[in-house]
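> sequence-free structure coming up:
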């Protein structure tokens, strides 16, 4: 890697190193499936807990205090030793801010190893189970065999959805349609 990498690239490389190390360790311990499930649960926990996100983002929290807090939360939620120890290492290395990225990178690594295509879907409102099944069916029809859908809600889209699969982007959001209409009207004026 060139020594002038951007912060985003460096962050991605960091998350990748941690994800690969966790994957290898879980595989060595014959606990890969359990670790995958727990890392998915950790991602949900971070997404659903504003307090946890605040703790992870705060540069003011002492590493030892943060480590004890994270271990207590994970133990209370029933996480196993591998994930508890892994998060402990992340915290001890002062990488708490990167934990969400590490969780996401780990999920992507697992998907890649298992031949699963990850579709990142942004919607204005949460998708129902039926809508997710319909979207999965459309993606399979489009040639994406084994699809894992990761959803994110962005109310600014107003309606429709944005689907990112690898380098492909499918944008049917109302926000984008209105922007295209606005540009077209400027061109006609």
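Sure, I can see it. Just so you know, these numbers come straight off a predicted model, no measurement behind them.
> Strands of this protein, start to end?
For the chain, the strands defined by DSSP state E cover 117-123, 147-153, 161-165, 168-171.
> Direction included, what does the first one pair up with?
Paired with strand 117-123 in the same sheet, following DSSP bridges, are strand 147-153 (parallel), strand 161-165 (antiparallel).
> quick one: contacts of it?
107-108, 111, 127, 135, 139, 144-154, 157, 160-166, 173 (C-beta atoms under 8 Å, 6 or more residues apart in numbering). Any C-beta I mention is one placed from the backbone N, CA and C, and that applies to glycine too.
> Compute the distance from the centre of it to the centre of its chain.
10 Å (C-alpha atoms, centre = their mean, to the nearest Å).
> Could I get the average pLDDT for it?
Averaged across strand 117-123, the pLDDT comes to 87.
> And for the last one?
Regarding strand 168-171, the rounded mean pLDDT is 88.
> Flag every buried residue along that strand.
For strand 168-171, the neighbour count (16 or more other C-beta atoms under 10 Å) marks residue 171 as buried.
> which residues are in contact with it?
For strand 168-171, contacts defined as C-beta under 8 Å, 6+ apart pick out 160, 162-164.
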